[in-house]
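*Asks:* build me a model from this:
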Amino acid sequence: MVENQNNKKFPEEGEILLGTVDRILKTSVFIRLEDYDKEGVIIFSEISPGRIRNIRNYAVPGQKIVCKVLRVDKTKNHIDLSLRRVSTREKKQILEIHKRRKDVLVMFGVIIKDKKRLDELIKNIKKKINLAQFLEDITEKLSKPKENISILKNFGFSDEEASKLIKLVSDKIREKKVIVKVKIKLSSEAEKGIEKIKKILSEVEKKAKVNYISTPYYSIIVEDKNYKEANKKLKQILDEIDNKAKELGCYFEHLKKK
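*Replies:* Residues are numbered from 1 along each chain as shown. Model (predicted):
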């Protein structure tokens, strides 16, 4: 299990996080970042472009929102956040991760009835690793139960509790898959250009699903166990398309989502 560089007590610039609206003062929205036990601030201009007539159309105390870290000043314990700079895809990914985290916290409660011990266990885990990453790592090691049990014991779980948790996580998550999709433009004006494009896409189809949209547009669809792995695989595929397109004299463009 990879440790969060946490002992990393602050998020990194550019990190996408789930937070809870704590309060709204003047032109600032204060967000509680649960993964770091820190507070961040979103100024109104980072809530939405243009004039905001009623901030409560965008944020109210107690609301869960996905935000992006803009700046971190560790000396002042200050974190600037943005709501408007989070893409729909990023928001979906973070909400999925935190849904799984919530599921696991429920599972903790199922196998550990002593609330005091449960709270201490969760606190101990948070000291070493981000809870969302904790879940990701357990999920990634479902095929290695002995290794998972050893890791969980290091966090304070007994053998029996560790076994029960792995089974619960496996039953809940193992069959779930996530999908990432991107639109590309691939064309060629060279002789036998169609054959060249088919050659490129035939290689892609060995690793992902390719859908024809309309000349010269296609969609690449990757399915995997979590967004981290799916995005990693998608990036590798796009890099391979780019390299092959250059080799064969084709035009390639990755049409990024806003």
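*Asks:* can you show me the helices along the stretch 51-200 of the chain?
*Replies:* In the stretch 51-200 of the chain, the segments counted as helices under DSSP state H, counting those that start in this stretch are 88-111, 115-128, 131-140, 145-154, 159-173, 193-204.
*Asks:* looking at those helices, which is buried most?
*Replies:* helix 131-140 (a mean of 20; mean count of other CB atoms under 10 Å). Every residue, glycine included, has its C-beta placed from N, CA and C.
*Asks:* follow-up on the earlier one: kindly reformat the helices of the stretch 51-200 of the chain as a markdown table containing mean pLDDT and distance to H78.
*Replies:* Shown next, in a markdown table, are the helices of the stretch 51-200 of the chain (pLDDT from 0 to 100; distance: least, CB to CB, whole Å):
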| stretch | mean pLDDT | distance to H78 |
| --- | --- | --- |
| helix 88-111 | 84 | 22 |
| helix 115-128 | 86 | 21 |
| helix 131-140 | 74 | 23 |
| helix 145-154 | 86 | 34 |
| helix 159-173 | 83 | 36 |
| helix 193-204 | 92 | 45 |
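*Asks:* need the ones you listed in TSV (columns: distance to Y218).
*Replies:* Below are the helices of the stretch 51-200 of the chain laid out as TSV (distance: least, CB to CB, whole Å):
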stretch	distance to Y218
helix 88-111	18
helix 115-128	43
helix 131-140	30
helix 145-154	39
helix 159-173	31
helix 193-204	7
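*Asks:* nearest to L255, of the ones you listed?
*Replies:* helix 88-111 (12.8 Å; CB to CB).
*Asks:* tell me what the closest one is packed against?
*Replies:* Using 3 or more CB pairs under 8 Å, 6 or more residues apart in numbering; DSSP states H and E, the elements in contact with helix 88-111 are strand 16-25, strand 64-73, helix 115-128, helix 131-140, helix 159-173, helix 227-248.
*Asks:* and the third one with helix 131-140, angle?
*Replies:* Comparing the axes of helix 115-128 and helix 131-140 via axes from the mean of the first three to the mean of the last three CA atoms, to 10 degrees yields an angle of 90 degrees.
*Asks:* the first one too?
*Replies:* Inter-element angle recorded for strand 16-25 and helix 131-140: 160 degrees (by the same axes, to 10 degrees).
*Asks:* who touches the next helix or strand along the chain from strand 16-25?
*Replies:* Following strand 16-25 in sequence order, the next helix or strand is strand 28-33 (DSSP states H and E). With contact meaning CB atoms under 8 Å, 6 or more residues apart in numbering, strand 28-33 is reached by 11, 17, 19-24, 38-44, 47, 55, 59, 65, 67, 79, 81.
*Asks:* now the buried members of those.
*Replies:* 11, 17, 19, 21, 24, 38-40, 42, 44, 47, 55, 59, 65, 67, 79, 81 (16 or more other CB atoms under 10 Å).
*Asks:* chain neighbours aside, what residue packs nearest to I52?
*Replies:* Leaving aside its chain neighbours, I52 sits nearest to F44 (5.3 Å; criterion: CB to CB, 6 or more residues apart in numbering).
*Asks:* can you give me every residue that contacts the one you found?
*Replies:* Counted by CB under 8 Å, 6+ apart, F44 has contacts 27-29, 52, 55.
*Asks:* show me which pair in the residues you listed is furthest apart.
*Replies:* The largest separation in the contacts of F44, counting by CB to CB, is between S28 and I52 at 12.1 Å.
*Asks:* one step back: out of the contacts of F44, who's the most crowded?
*Replies:* Most neighbours among those, by other CB atoms under 10 Å: V29, with 27 neighbours.
*Asks:* how close does that one get to T88?
*Replies:* Remark: distance between V29 and T88 (CB to CB, to the nearest Å) = 20 Å.
*Asks:* try I213
*Replies:* Taking CB to CB, one finds I213 at 19 Å from T88.
*Asks:* of all the contacts of F44, which comes closest to F252?
*Replies:* Distance to F252, by CB to CB, is smallest for I52 among the contacts of F44, at 39.9 Å.
*Asks:* is it true that that closest one touches E46?
*Replies:* No. Applying CB atoms under 8 Å as the test, I52 and E46 come out as separate, 10.6 Å apart.
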